[in-house]
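> predicted coordinates and the sequence they were generated for:
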Amino acid sequence: MDGNTSSETDTNINNKKNQFTGEDEEKGKKIIWQNYYVPSKFSPLSTGHIGAMELLKKIEQHDGGEAHYGLFDLEPRSTYKDYVGLVRPAMGLVPFDFDSKGDKGARALEDARHFVKWLNIADFAFFFSGNKGAVVGVPQGYFGLMPSADMPAKLTHLAKVLQKQFPTLDTGIYVANHKFRAFGSRHPDSGLFRIQLMGEFKKGVIDGQIAIDDVRKAASQGRGHLSLDYLKLQKNREPLAAIKTILETFVEEKLTYVDRESMNSNAYEVDSEAVKNGCEFLKFAKANPNTLGEKEWYA
């Protein structure tokens, strides 16, 4: 006996999973995480596939033109169109994307500043979006989430709750195969770079001493800082209580995840009986098939 209790063993396992590495093991199955790097939001998801651990190097070596990567690392597939499967945050960061129109991103920057203060952590990434907003990248260990198929749904729930406090927060980005603009790349509409804010400049923005016009000026001058080494994403972190509390209110959708290894694919099966029994309109339609008119369907 090694003296470890079962709870200590479970903690060690969870800590290991919370670290950002190139592979994980789920239910005895090794996952070699993949991502993609493409030149346009219209690029097909059958192209640009790379290993997850190559992504940062790809960003650093890029020429600064428009570029997108997967917001989540994914299981290997020939295409990521209509992807269903396990996911984890790309580069070990969960992004919170703030956008505001008509003010060059000023309200979004203000919300991002307040969000950072709400988080009350020292190790986070802060980006100007390249057009009309800001992105805050939070290390995945602060969420206590393991790789799963429903991680996008959980993060969407989290964002919707947070949006009540931070109105410019985008709740629609948490889709398994979502293309996310790479930092260090130039936005095709504004001509500005998505830059990472660092040092005293970052502090000045968060403290409200540096306004959006100065941030946009900085984003016109080059790709900015391209490393995330300062975040030490390999280290373990304790989940934040405020985030954990919100995530605990997530109610899973009535979906069953089926791993069909023999078919070399994954799929969701919808509980159709639960849908039919829970929908008043479908119950009405079933009871009144001969009198149901077109107007009722479009009501």
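Received, thanks. Numbering: from 1, shown residues only.
> show me the shaky parts of the protein.
For the chain, applying pLDDT under 70 flags the ranges 1-23, 25-28, 253-284, 289-299.
> switch to 90 and redo it
Across the chain, the ranges flagged by pLDDT under 90 are 1-30, 233-236, 251-299.
> all strands of it, in order?
23-26, 29-32, 34-38, 49-51, 68-70, 72-74, 87-89, 93-99, 125-128, 133-139, 179-181, 195-196, 255-260, 265-270 (DSSP state E).
> show me where the stretch 51-200 of the chain has helices.
If you assign secondary structure with DSSP state H, counting those that start in this stretch, the helices in the stretch 51-200 of the chain sit at 55-61, 106-119, 151-163, 199-206.
> K41 touches K179, doesn't it?
Yes: checked against CB atoms under 8 Å, the pair K41 and K179 is within contact range at 5.2 Å. Any C-beta I mention is one placed from the backbone N, CA and C, and that applies to glycine too.
> more crowded one of these two?
A direct count of neighbours by other CB atoms under 10 Å for K41 and K179 places K179 higher, at 20 against 12.
> pretty sure that one contacts G70?
Yes: taking CB under 8 Å as the contact criterion, K179 and G70 are neighbours in contact, 7.0 Å apart.
> how near is M91 to F72?
10 Å (CB to CB, to the nearest Å).
> need the overlap of contacts for these two.
With contacts taken as CB atoms under 8 Å, 6 or more residues apart in numbering, not a single residue reaches both M91 and F72.
> so between those two, which is more surrounded?
Taking neighbours as other CB under 10 Å, M91 and F72 compare with F72 leading, 27 against 24.
> what sits against the closest residue to that one other than its chain neighbours?
Ranked by CB to CB, 6 or more residues apart in numbering and with sequence neighbours excluded, the top spatial neighbour of F72 is V87, at 3.9 Å. Contact criterion CB under 8 Å, 6+ apart gives 72-74, 147-149, 151-152, 176 as the residues in contact with V87.
> highest mean neighbour count out of the strands of the chain?
Per-residue neighbour counts averaged over each of these give the maximum for strand 72-74, namely a mean of 26 (mean count of other CB atoms under 10 Å).
> who are the packing partners of that strand?
In terms of contacts (3 or more CB pairs under 8 Å, 6 or more residues apart in numbering; DSSP states H and E), strand 72-74 is packed against strand 34-38, strand 87-89.
> residues contacting it, please?
Counting by CB under 8 Å, 6+ apart, residues outside strand 72-74 touching it are 33-35, 52, 80, 83, 85-90, 151-152, 176-178.
> and these, which are buried?
By neighbour count, with 16 or more other CB atoms under 10 Å, the contacts of strand 72-74 hold 33-35, 52, 80, 83, 85-90, 151-152, 176-178 as buried.
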